Each structure stands twice: as C-alpha cells, then as structure tokens.
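pasting the sequence and the predicted model now:
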Amino acid sequence: MRRQQRFCLRKGKDICWECCNNIRYDRQCPNECRYSVKAGDGLQISKTNADSLTEYKGLIEKLMDMWMRLPQQDLDGNIPQELSKSKEGKEQLINYFKKTMLSSYINISYIKRKLDLSGLEIGIKKESNEDVGEKYLSIILAGDIENSLKYHKNEAEIRGNKDWLSDYLIQIKEDKILGKMNEFKIISSALSEDRNIGLVFYEINGKYDLCLKMENNTDTWKVASRYNGKMEIVNGENEALRHIAVLISKNESSQAGELLDKYISLYPDSSDLYYYQGVLFAIKGKHKQAKKSFLRSVRLDHGFSEALYNYALQLHLEGDTQGAIDYYKRVLAIDPEEVKSLNNLAAIYIDRGEYQTAEEYINRCKLVEPEYEPLQANKKRLAEKK
C-alpha cells in the first residue's frame, strides 16, 4: 500500500503520486488541480507540479510512452513505434532527435531503448540528488554497507581511519530504520535556492520516515546526514541541542539523558548530540561509553575540536597514549593555542621520557596561558625529571 499524499479531483479520494502519474499524463485533469498537466503536446514539457524529481521523471516517461504510440506532426504524421520497425524509419527518428531541442528532463536513453535506435548518440547525464540517494539506500538494502560509503561526503576520511570505518558500519547495522530496511520509496524532495543542498524524503518499509540531506560538491551529490522523520524535523535540531545544553548546565543529567536518547533517534548523524552524550557518560564515570560517543561525534564532524579533545582525553585515561597524541594534535591543527591539549601532550611526553618535546609543549602553553594551573604541575614534574 503506497502512501496517499494528495487528493485527486478525478477520483474523489486521496492517492499516491504514482497513481497520480498514471492518470494525469492524458492532460484531462481539472485545471484547478495543482498537479494537472496543463496544455502542451508531444514531447513538449507542460506546466505542472511534482513533489520530487523522481515523480516528475515518471510523469515524463508516461508522456514519452504516449508520444511513441501516437501520430506526430513533426514526423510527417507517422507513429514513432511504427517508424522504428524499418531502417529508413529509424534514420528519420534519429535525424529528428539530432535537430530538435528538447528539455533536459526528456530521457532520450529511454526512447533510444524502447525504439531500438542504436545509432542515436546521447550525452552522459549528471546524477541528481535523488539518483544518489536511491543508490545509497539500495546498496545498504543489499547488505553491502561498506560500499555505501562511496556515496557519502566523508568517504575518504572514514576509510582512512579503521576506528571511524568500524563505527560507521556499526551505526548503520544498528540503526532502527536502515538496519531493518527491506524496501524504500521516495515521497518528495527539495533543493536549496543555490541548488547545492538537497533533502530527499522516503517511506521505509511502508511505515517509517527517513530524510537524507545531500550536498553538491563539484557537481557530484553526496549523502551528508540522515534524519529519521519528515523533512520538517530538519530545522528542529538546533532547538533540541539548546534544550540538552540547558539541562546539562542545570545538572539535570537524568532528564538530559532521556531526551538525548529521543533526539539521537531522530537525528542519528548529529555530532553535537553524541558529544553531549559523551559528556554525560564522562560525568557519570562511564568512560567506555563516553569514548564510544566521542568517537562517533568526531567521525561525524572531524573538525569538532571539543569532541576531538574529549576523545583524546578518554584515550589518554585508558593508557592509549599514542592514540591520545594523534587526537590532541588534531585539536591543535584546528586551534594551535588550545591549552588543554598542549598541556596534556607535555604530560604524555614527560611520562615517555621525551623531555625536550615535553618542554616545547610547555613553552607553547606558557605563551598562551602562563598561569594555567595544570601547567604548573607539569613544569614541576619536568624539572624533577631532567
């Protein structure tokens, strides 16, 4: 059963967009319906409305089918399907497409295949945000989760870090919607004014809502983040973050934890929400859980310096000093004067007996905040060791 999302004046009931396409292509719908196909004939695009590019392409396909079945004035009154049965007819059709300017939405590849016009040359069309979204979900549906990364904006960064890759695979497998997906159907989509951000809304398993946020970088669409709900919830993330921050500031950790679980289920790719979750776990002394939350936060946003610092700190606390060094240095690559990372690196190098390197970090820390209290302890430790 497809989702019924619009009222049909011809049928007198709610129908899905596919049923709408099956009716309106004949151009007989009442003009007062915003989805009616108004005027135009043949392969000329008529004025109408659609909630997604996929829906619009489906309508155009219906119009193309009708064009191929009916006599066409531009082809001397001949029927394209009949012309395609002879060599001369095929040449007439190919010449028609060579000289006729058609909308980019007309899928010439579809006509070429249906009429067996092997000699018709067509250009390569760029993939839309909806094309990429469909491929991304199809690969996950097929169980090849790692391969879905090629449609993700952070593919290179995630593949380059084994912990990030492992976390990505775990997150998708455990996701309450993607992990249980057995079918998906596009409902609608929208593009930003500059056409570089796209939202694509899907129905999963006939009952769940999923929205993919897409970003267009160098004419290639990539999946940026997911939202488990309708497109309207995308704008609610900042309010959710403010709510959590207020509760944490008031030490209402129990209520904050409950709300975090709720919000993370809606915004599974929110780096900020996982950061706050890590903070709560750390406050409660649950360092293993805190580490996992901070890891996901930095994987989702590798430029989030506070999350990077806190993940480094968890590695530091559990004795993984090399891992801590790597992530403290990531913080300093973003903010070279971040005193906590400078001082903690000094502490690690003192413990390692690398006193010259430790002194370099102590001096950098002194330049930023000479009276930083933890720095004094490191200065004393270094003086005793040297």
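Received it, and whenever you're ready, just let me know what you need. This one's a predicted model, so the numbers in the text were calculated from it and none came from an experiment.

so where's the stretch 101-250 of the chain shaky on pLDDT?
Regions of the stretch 101-250 of the chain meeting the criterion pLDDT under 70 are absent.

all helices of it, in order?
Along the stretch 101-250 of the chain, counting by DSSP state H, counting those that start in this stretch, helices occupy 108-114, 129-141, 155-159, 162-174, 237-249.

which non-adjacent residue is nearest residue 282?
Residue nearest to residue 282 in three dimensions, not counting chain neighbours: residue 290, with 4.2 Å by C-beta to C-beta, 6 or more residues apart in numbering. C-beta here means a position set from N, CA and C on the backbone, and glycine is covered the same way.

ranges for the strands of this structure?
Taking DSSP state E as the test, the strands found in the chain are 6-8, 13-15, 184-191, 197-204, 208-217, 220-227.

residues of the last one that come out buried?
Buried positions in strand 220-227, judged by neighbour count with 16 or more other C-beta atoms under 10 Å: 221, 222, 223, 224, 225, 226, 227.

give me the distance between the fifth one and residue 236.
Computed with C-beta to C-beta, to the nearest Å, the distance linking residue 225 and residue 236 is 14 Å.

ok, now the third one?
As defined by C-beta to C-beta, residue 223 lies at a distance of 20 Å from residue 236.

same question for the first one.
Per C-beta to C-beta, residue 221 is found 24 Å from residue 236.

over to the second one?
Here residue 222 is placed at a distance of 23 Å from residue 236 (C-beta to C-beta).

for residue 168, same thing?
Taken as C-beta to C-beta, the span from residue 168 to residue 236 is 25 Å.

dump the residue contacts of the residue nearest to residue 282.
278, 279, 281, 282, 310, 314 (C-beta atoms under 8 Å, 6 or more residues apart in numbering).

are any of the residues you listed buried, and which?
By neighbour count, with 16+ other C-beta under 10 Å, the contacts of residue 290 hold 278, 279, 281, 282, 310, 314 as buried.

run a quick check on the fourth one versus residue 310, I expect a contact.
Spelled out, it's residue 282. Yes: between residue 282 and residue 310 there is a contact at 7.1 Å, judged by C-beta atoms under 8 Å.

show me what stretch 28-38 is in contact with.
6, 8-10, 20, 23-25, 27, 46-50, 59, 63.

and those, which of them are buried?
Among those, those buried by neighbour count (16+ other C-beta under 10 Å) are 6, 8, 20, 23, 24, 25, 46, 48, 50, 59, 63.

setting aside sequence neighbours, what's the nearest residue to the third one?
Excluding the flanking residues, the one nearest residue 20 by C-beta to C-beta, 6+ apart is residue 35, at 5.7 Å.

any chance of the contacts of residue 290 in TSV, plus pLDDT and distance to residue 242?
Below are those laid out as TSV (pLDDT from 0 to 100; distance: C-beta to C-beta, whole Å):
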residue	pLDDT	distance to residue 242
278	97	18
279	95	15
281	95	21
282	95	21
310	98	20
314	97	26
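
give me the angle between the longest helix that the chain contains and strand 184-191.
In the chain, taking DSSP state H as the definition, the longest helix is helix 53-69. Angle, helix 53-69 to strand 184-191, by axes from the mean of the first three to the mean of the last three C-alpha atoms, to 10 degrees: 100 degrees.

chain center to helix 53-69: distance?
The chain centroid and the centroid of helix 53-69 are separated by 28 Å, computed with C-alpha atoms, centre = their mean, to the nearest Å.

show me what that helix is packed up against.
Secondary-structure packing of helix 53-69 (3 or more C-beta pairs under 8 Å, 6 or more residues apart in numbering; DSSP states H and E): helix 17-24, helix 80-83, helix 108-114, helix 129-141, strand 184-191.

closest one to residue 67 among those?
With C-beta to C-beta, the closest approach to residue 67 among those belongs to helix 80-83: 6.7 Å.

buried stuff in the closest one?
Buried residues in helix 80-83 (16+ other C-beta under 10 Å): 80, 83.

and the contacts of it?
For helix 80-83, the external contacting residues (C-beta under 8 Å, 6+ apart) are 67, 68, 69, 72, 75, 89, 90, 92, 93, 111, 115.

relative to the whole chain's centre, how far out is that helix?
Worked out by C-alpha atoms, centre = their mean, helix 80-83 lies 43 Å from the chain centre.

what do you get for stretch 12-32?
31 Å.

now the longest helix of the chain against strand 197-204, angle please.
80 degrees.

so for helix 53-69, what's the average pLDDT?
The pLDDT scores in helix 53-69 average 90.

how near is the residue nearest to residue 282 to residue 307?
Residue 290 is 11 Å from residue 307, by C-beta to C-beta.

need the overlap of contacts for these two.
Residues within reach of residue 290 and of residue 307 at once, by C-beta under 8 Å, 6+ apart, are residue 278.

nearest residue to residue 175 in space, ignoring adjacent ones along the chain?
Nearest to residue 175 is residue 268, by C-beta to C-beta, 6+ apart, at 6.2 Å.

do the same with residue 270
Residue 270 sits nearest to residue 237 (C-beta to C-beta, 6+ apart), 6.1 Å away.

surely that neighbour meets residue 267?
Yes: if you go by C-beta under 8 Å, residue 237 and residue 267 touch, sitting 5.3 Å apart.

these two: who's more crowded?
Between residue 237 and residue 267, counted using other C-beta atoms under 10 Å, residue 267 has the larger neighbour count: 23 against 18.

let me see the contact set for the more buried one.
Taking C-beta under 8 Å, 6+ apart, one finds 227, 228, 233, 237, 240, 273 in contact with residue 267.
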